[in-house]
Every structure is written in C-alpha cells, then in structure tokens.
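>>> coordinates only, sequence not included:
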C-alpha cells in the first residue's frame, strides 16, 4: 500500500480537491437559487463525504496521524452532519427552483437517482445517529449490527452518489458551460474517486462482512 506521501495519495486527494474547486467555480454560488444546488452538492457529496470516509485510514486521511482515534470519530460524525445539512439545502434549492419554474420533479435519470440517493443518505445518517446515541434509548439494541448496516448503506450511498455525479455531467447546467470532453473527463474522475472510496469501505470494514455471516 502506498503511504501518505505516495503518488496515489496525491492523486486521490488532488482529484477530489481540484474537482470541487472547478465545479464550485462553475456553480457561481449566489448568482441564482439554482446555483446553490450544484455548489452545495459538490461541497457536501464530493469533498466532505469522501474525505470523511477516508479520515479513518492512517494512510489516506488528511488529518495528521498523531490525533487520537476519538478525534477522527468526532470529525467524521460532525462533519457528516454538516455535509447532510449542505446536501439538504442543495436538494431544497433544486426542488424549489423546479416549483418556481413549474417543471416536473424526478423525471430525468439525474433527478431519479438523486431521489434514491436522498433516501439512502437519510437512512444511513439515521442509523449512524441511532448507533452513536443508543445508550440514551431505553431499549436493548444490537449496536454492532446497527453500525454494520450504517456502513453498508454508506457504501450503497457512495454508489448512487457516483452515478448521480456522472449524470450531472450531462445536464444542461454542465454542458452549457463546458466542452463535452470535460463531461467524460469528470465522469472518469468520479469513477476513480468513488470507486476507490467504496473499495476502502468494503476492504477495511469487518462489520459489513459480519452482516452476511
């Protein structure tokens, strides 16, 4: 495995960060109600969500190794809450924008995948919250299994997020501002990013494997 100073480390994080910067620039946040949709989705689901998954790996995290394990967990938990808030506002922005323009909802592949993605992400966050605060619930819960399903849904969310980001490259928003070649370049970049992160989830998470035993 490559260490944090290796080419793979720079390639993965560099692709995430540069893609986030470029797509944020294209979004021009604040220029319209719609502009908040691509901006917040990019920030939440491309940058934060991926970095907060890799944060648990000493080889791939952007945080220094010297931090205590609990700090990594806190960054993951509260960072994902921030990502979910950004995601929710981005979802609301496109929903309200379509309402204002009297356009139908969830008719394109991008819209339909976005709806499925929203359901999965909300379910995953709910399971994660349940596992974290299970001690405050007056019921006997199998926290290990809840965490396993939380992690499994996380991997599924990565899959749908990658598909949704790829379909976003072929929307009017993207195609009207860039060359079609960039749609394929970014699609390949998203396959690289989300494919790598999902492999990290499956290869390093024993709780997912235990669910199928």
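Cool, the structure landed. Quick caveat: nothing in here was measured; it's all calculated off a predicted structure.
>>> hey, where'd the helices end up in this structure?
7-27, 36-41, 49-54, 69-100, 109-132, 143-168, 172-175, 180-204, 206-211 (DSSP state H).
>>> least reliable of those going by mean pLDDT?
Note on those: lowest mean pLDDT is at helix 206-211, with a mean of 72.
>>> tell me what it is packed against?
helix 143-168 (3 or more CB pairs under 8 Å, 6 or more residues apart in numbering; DSSP states H and E). C-betas here are computed from N, CA, C, even on glycine.
>>> for the helix it packs on, which positions count as buried?
146-158, 160-168 (16 or more other CB atoms under 10 Å).
>>> just give me how far stretch 104-119 sits from the chain centre.
Centroid displacement of stretch 104-119 relative to its chain, using CA atoms, centre = their mean, to the nearest Å, is 16 Å.
>>> now that stretch: buried residues?
Result for stretch 104-119 [16+ other CB under 10 Å]: buried residues 110, 111, 113, 114, 117, 118.
>>> repeat that for stretch 128-138.
128, 130, 131.
>>> next one: stretch 40-49
Those buried within stretch 40-49 under the rule 16+ other CB under 10 Å are 40, 41, 42, 43, 44, 45, 46, 47, 48, 49.
>>> now the most centrally placed residue in the chain. Nearest residue, chain neighbours left out?
With distances taken as CA atoms, centre = their mean, the chain has residue 45 as the residue nearest its mean C-alpha position (3.2 Å). Spatially, and ignoring its direct neighbours in sequence, residue 45 is nearest to residue 161 (5.2 Å; CB to CB, 6 or more residues apart in numbering).
>>> from residue 48, how far off is that neighbour?
12 Å (CB to CB, to the nearest Å).
>>> how about residue 111, nearest residue that isn't a chain neighbour?
residue 105 (6.4 Å).
>>> wait, doesn't the one you found sit right on residue 97?
No - in this structure residue 105 lies outside contact range of residue 97 using CB atoms under 8 Å: 10.5 Å.
>>> distance check, the residue of the chain lying at maximal distance from its centre against residue 149.
The outermost residue of the chain, judged against the average C-alpha position, is residue 138 (31.9 Å), by CA atoms, centre = their mean. Look at residue 138 and residue 149: by CB to CB, they are 21 Å apart.
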